[in-house]
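Colleague: Have a look; sequence and predicted model below, questions after that.
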Amino acid sequence: MLAEYLGSLLLAAIVIGSGIAAQNLSPHAIGLELLENAIATGGGLYFLIVTFGPISGAHFNPVISFVDALFDGISWRSAWGYLCAQVAGCVSGAIIANVMFSKSAVSLSMDHRASVAHGLSEVIATAGLVLVVLVLAKTQRSALAPAAVGTYIACAYFFTSSTSFANPAIVVGRMFSNSFAGIAPASTPLFVGAEAVGGAVAVGLIKLLFGTLNARDASTVTVAHGPRLSEGPI
């Protein structure tokens with residue numbers, strides 16, 4: 001729980017903080033701002049998964065957690081606990097990012113993003129993310145997850161019109177920063193709903209590709225190196 005909270009906090013701080021920094025460093029250059037934000041986010045995901053993967057699985061994302069529970073990788077109780085930790089972490093990270101750049105601790109975003117195109121983008125972005133994670137788990141290559149997840153999200157910043165939130169917890173966190181990476185509260189239901197659909201699409205694709213995903217496969221979801229510490233002899 002603590003690992004999920006800290007990882008989610010740092011993820012939100014990276015996403016929002018780098019967005020604010022990009023606005024300050026490259027004003028009025030939207031493409032460059034997005035590139036800077038994407039590079040920071042992709043790199044941040046790499047070290048966050050490497051750091052917290054062996055402890056909690058480094059989900060930082062309720063969709064990943066609930067898909068993991070669906071395949072018996074973690075318990076449903078753990079998935080709900082992870083959800084609480086992830087949302088709390090992302091909100092905390094947003095507040096910290098705001099304060100680091102001398103902004104109001106809490107400032108609701110006014111960036112409205114709700115459109116059919118954005119909803120479709122979130123379905124595709126989330127389905128792709130979950131598919132990457134589960135295919136690596138199924139094929140026993142979860143050690144590649146830090147690099148694969150980081151580079152996928154960095155790429156998805158550009159190939160989706162929504163800039164690939166792909167994570168309900170980060171959607172909630174980004175509501176609390178009226179900055180480059182923010183999202184208006186009114187737009188969050190569409191994003192969260194689309195991300196849930198994306199997770200379901202990924203589950204269906206995994207079943208078509210592999211037939212099923214057993215508990216042993218699922219238990220390695222996003223773990224960078226070996227089993228979680230909680231599964232060892234401690």
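Modeller: Yep, it's here. Numbers count the residues shown, from 1 in each chain.

Colleague: CA atoms for contacts and neighbours, from now on please.
Modeller: Fine.

Colleague: This structure: helices as residue ranges?
Modeller: 2-25, 30-56, 62-70, 76-100, 116-138, 145-159, 168-174, 188-210, 215-218 (DSSP state H).

Colleague: contacting residues around Val130?
Modeller: Going by Cα atoms under 8 Å, 6 or more residues apart in numbering, Val130 touches Val63, Ile64, Gly199, Ala202.

Colleague: quick one on the thing from earlier: okay, the helices of the chain, which one's buried deepest?
Modeller: Most buried of these, by mean neighbour count (mean count of other Cα atoms under 10 Å): helix 168-174, with a mean of 27.

Colleague: sorry, back to before: right, and the helices of the chain - which one's nearest Phe180?
Modeller: Phe180 lies closest to helix 2-25 among those, at 5.3 Å (Cα to Cα).

Colleague: Which residues does the closest one contact?
Modeller: In contact with helix 2-25 (Cα under 8 Å, 6+ apart) are residues 32-34, 36-37, 40-41, 44-45, 48, 52, 55-56, 58-60, 82, 85-94, 96-98, 100-101, 170, 173-174, 177, 179-182.

Colleague: how far out from the middle of the chain is that helix?
Modeller: How far helix 2-25 lies from its chain's middle: 11 Å, per Cα atoms, centre = their mean, to the nearest Å.

Colleague: Only the C-alpha atoms, please, for that helix, written as CSV.
Modeller: Extracted C-alpha coordinates of helix 2-25, given in CSV (Å, rounded to 0.1, in the frame of the first residue of the first chain):
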residue,chain,number,x,y,z
LEU,A,2,2.8,2.4,0.9
ALA,A,3,4.7,1.6,-2.2
GLU,A,4,1.6,2.2,-4.4
TYR,A,5,1.0,5.5,-2.6
LEU,A,6,4.6,6.7,-3.0
GLY,A,7,4.9,5.6,-6.5
SER,A,8,1.6,7.2,-7.5
LEU,A,9,2.6,10.4,-5.7
LEU,A,10,5.9,10.6,-7.6
LEU,A,11,4.2,9.7,-10.9
ALA,A,12,1.7,12.6,-10.5
ALA,A,13,4.5,14.9,-9.4
ILE,A,14,6.5,14.0,-12.5
VAL,A,15,3.6,14.3,-14.9
ILE,A,16,2.3,17.6,-13.6
GLY,A,17,5.7,19.1,-12.5
SER,A,18,7.3,18.4,-15.9
GLY,A,19,4.2,19.9,-17.6
ILE,A,20,4.5,23.1,-15.6
ALA,A,21,8.3,23.2,-16.2
ALA,A,22,7.7,22.7,-19.9
GLN,A,23,5.3,25.6,-20.0
ASN,A,24,7.9,27.8,-18.2
LEU,A,25,10.9,26.7,-20.4
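
Colleague: Next, the angle helix 76-100 makes with it.
Modeller: Relative orientation of helix 2-25 versus helix 76-100 (axes from the mean of the first three to the mean of the last three Cα atoms, to 10 degrees): 30 degrees.

Colleague: Helix 30-56 and helix 2-25, what's the angle between them?
Modeller: 170 degrees.

Colleague: Tell me how far Thr151 lies from Ala21.
Modeller: Using Cα to Cα, to the nearest Å, Thr151 is found at 21 Å from Ala21.
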